[in-house]
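In: Build me a model from this:
(chains A and B)
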Amino acid sequence: MLKTNTVRWWIWLMYGGLIIYAIVTFIPFLWALSASFKPLSEISASGGNFIPQEFTLENYKAIFAQEPLFGRWLFNSAIVAIFVTLFNLLFNSMAGYALARIQFPGNRLFFFLVLAVLVVPAQITLLPKFLILKFLGWLNSYQGLVVPTVVNATFIFMMRQFFVNFPKELEEAAQLDGLNRFETFFQIVLPLAKPALAAQTIFIFMSSWNDFLLPLVVMSNPEMFTLPIGLNAFKGQYITYWNYIMAASMVFTLPALIIYAFFNRYFIQGVTFTGGKS
Amino acid sequence: MKQKSREALSGYAFMTPAIVILGVFLALPVIYAIVLSFYRVQLLGEVDFRFAGLRNFIRIQDDERVWIALANTIQYVAIVVPIQTILALVLALLLNAKIRGRSWFRVAFFLPTVTSSAVLTLIFMWIYNSNGLLNNFLDAVGLPTYNWLGDPQVALKGIMLMNIWATAPLFMVIYLAALQDIPESLYEAASIDGATTWEKFWCITLPFLKPVTFFVITIGIIGTFQLFDQSYIFSNGSGGPDNATLTIVLLIYQYAFNRLDMGYALALTLILALVIMLATLIQRYFFREESLD
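Out: Residues are numbered from 1 along each chain as shown, chains lettered A, B, ... in the order given. Take a look at the predicted model:
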């Protein structure tokens, strides 16, 4: 392919485009990161420089000291995201496995229902969900955020596709060894589903960690806010203190970045999976 | 026979969590939403229901803010969806070429997709603020600075720009996956027949990408119609300046939780669902038409 000069010219154009786009991607983050290490005086003076003239960690100390609930919000977000992720991994895999492998009356009907659920816009269910949670007395509680989101139809579907293509021989061998369905599933099948589970982990964790609308509706007590809601309240109080807001934003982004860096390989695979199936 | 019923039993056991949760928090809410939209539901401490017939739906006609929100949202969808789809396709085509550092670029482009909408909105509000990066840049090159956050003419466009930037990489990856499924032999055959790069793109790549494009546009439409987080954070929940960032979901939120008028908010929700379904159907119709020739 790389023979003539015209081809070379295209290659340079491609690199140029990609690098410019990468810069466009990074600039907002770099500027926010640098602001989180600047004193407010430097930000108000000009703010245009990317390297802080006076590097300080004060903003990070201040957000925890001045907003005593900040640590609590971080904790709330972590608890909710971790439990939501674990339950999703378990429940979606179980349902996906049953739909792919177990013969029971109604199997096809349930599969059809899962597909139907995929096309329901999430916002339709928001207000009734609020009323149901209110009825259950679960507003301002962890279970109010966790329980409605412990199952995800998209990933039931994804796990089903994964298990359909799974070699049957292993399970048959396990059953000959006298393992029942549960033992087969937990000891043989689930450990072999790691790539699919990793992709699911990253998607579910991210969407729970970053979710704004449901926590906004369910949590009205500031002690029960998750980070996105807390951050918004924080913005309201400190709108001119961009140094604090940016430090808080960076604290919020870091855990998601770590998870992303760790599971990055599977993230792309997971997108591929959902994209390729339509 | 016994084996069979044991099998069925374990099947139901595996399905139970999914059935219970999807039933209580998805199927029930959909039915509830439809029923309650015909009620007057007041949320003052206790929930109070009163049958209202079609009154909630009739009220929509005279509600000026509904039409503003609808116009804003449709404008948002009509501008964001095509641009982010084309950008995603271009980025995917660039990354699909055999160049160095591909995986590095992929990871880099993905950063906004991983970051929460709350953080992105705050960062962009700061970039747009009167002392922010955008004005700094304009100032540096000698152009006049501007109050980007306060002008109703540009507020929604600022959110559009941010969303295109944040969402295009996700669709880029979906396109990349699809591009890798196109058999190399098709291009080789076309080369032998003397096809140019452009002809190959037009006659092989694009037709192959049609199903993925349908998926990307559908997801894009559904996503943009549901715009909420950015508008809410941007305007402190008001939809301002001067209703410029008022979207349908934000309006629904305001009616439900500020004015505590659930029934009317639910009627609006059903209208939104209808509009989304209609938009997807129209989109599908156009794709069908095209695939006929």
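
In: okay, CA-based contacts and neighbour counts for the rest of this
Out: Noted.

In: Tell me, how many residues neighbour residue 185?
Out: Using chain A. Using other CA atoms under 10 Å in any protein chain shown as the criterion, A:Phe185 is surrounded by 19 other residues.

In: wait, I meant chain B there
Out: Neighbours of B:Ser185 under the rule other CA under 10 Å: 9.

In: On the three-state scheme, it is what?
Out: When states are read from DSSP: H, G, I helix; E, B strand; the rest coil, the local structure at B:Ser185 comes out as helix.

In: cool, B:Pro241 as well?
Out: Classification of B:Pro241 using three-state DSSP returns coil.

In: was I right about it contacting B:Ala155?
Out: Yes: here B:Pro241 lies in contact with B:Ala155, judged by CA atoms under 8 Å, at a distance of 7.5 Å.

In: Just give the nearest non-adjacent residue to A:Tyr142, would you?
Out: Counting by CA to CA, 6 or more residues apart in numbering or on different chains, A:Tyr142 lies nearest to A:Val80, which is 6.7 Å off, once chain neighbours are set aside.

In: Next up, phi/psi of that neighbour, please.
Out: Backbone dihedrals for A:Val80, given as degrees, to the nearest 10, come out at phi -60, psi -50.

In: Give the rounded mean pLDDT of stretch B:209-221.
Out: Averaged across stretch B:209-221, the pLDDT comes to 90.

In: buried set for that stretch?
Out: When neighbours are counted by 16 or more other CA atoms under 10 Å in any protein chain shown, the buried residues of stretch B:209-221 are found to be B:209, B:211-218, B:220-221.

In: any idea which of the residues you listed is closest to B:Leu54?
Out: For B:Leu54, the closest of the buried residues of stretch B:209-221 turns out to be B:Ile221, at 28.4 Å, with distances computed as CA to CA.

In: part of a helix, is the closest one?
Out: Yes: counting by three-state DSSP, B:Ile221 is located in a helix.

In: wait, isn't it in contact with B:Leu281?
Out: No: between B:Ile221 and B:Leu281 no contact is recorded; they are 11.1 Å apart, counting by CA under 8 Å.

In: Just the buried positions in stretch B:248-268, please.
Out: Along stretch B:248-268, the positions that meet the burial threshold by neighbour count (16+ other CA under 10 Å) are B:248-256, B:260-268.

In: contact partners of it?
Out: Stretch B:248-268 is contacted by residues A:123-124, A:127, B:33-34, B:36-44, B:56-57, B:60, B:65-66, B:69-70, B:73, B:225-228, B:231-232, B:237, B:239, B:269, B:272 when judged by CA atoms under 8 Å, 6 or more residues apart in numbering or on different chains.

In: Please, where are all the helices along the stretch 51-200 of chain A?
Out: A:58-66, A:70-101, A:107-118, A:122-136, A:142-146, A:153-164, A:169-176, A:181-183, A:190-192, A:194-210 (DSSP state H, counting those that start in this stretch).

In: Of the ones you listed, which is nearest A:Pro228?
Out: Nearest of the helices of the stretch 51-200 of chain A to A:Pro228, taken as CA to CA: helix A:194-210 at 6.7 Å.

In: what's the following helix or strand after that closest one?
Out: For helix A:194-210, the succeeding helix or strand toward the C-terminus, using DSSP states H and E, is helix A:213-218.
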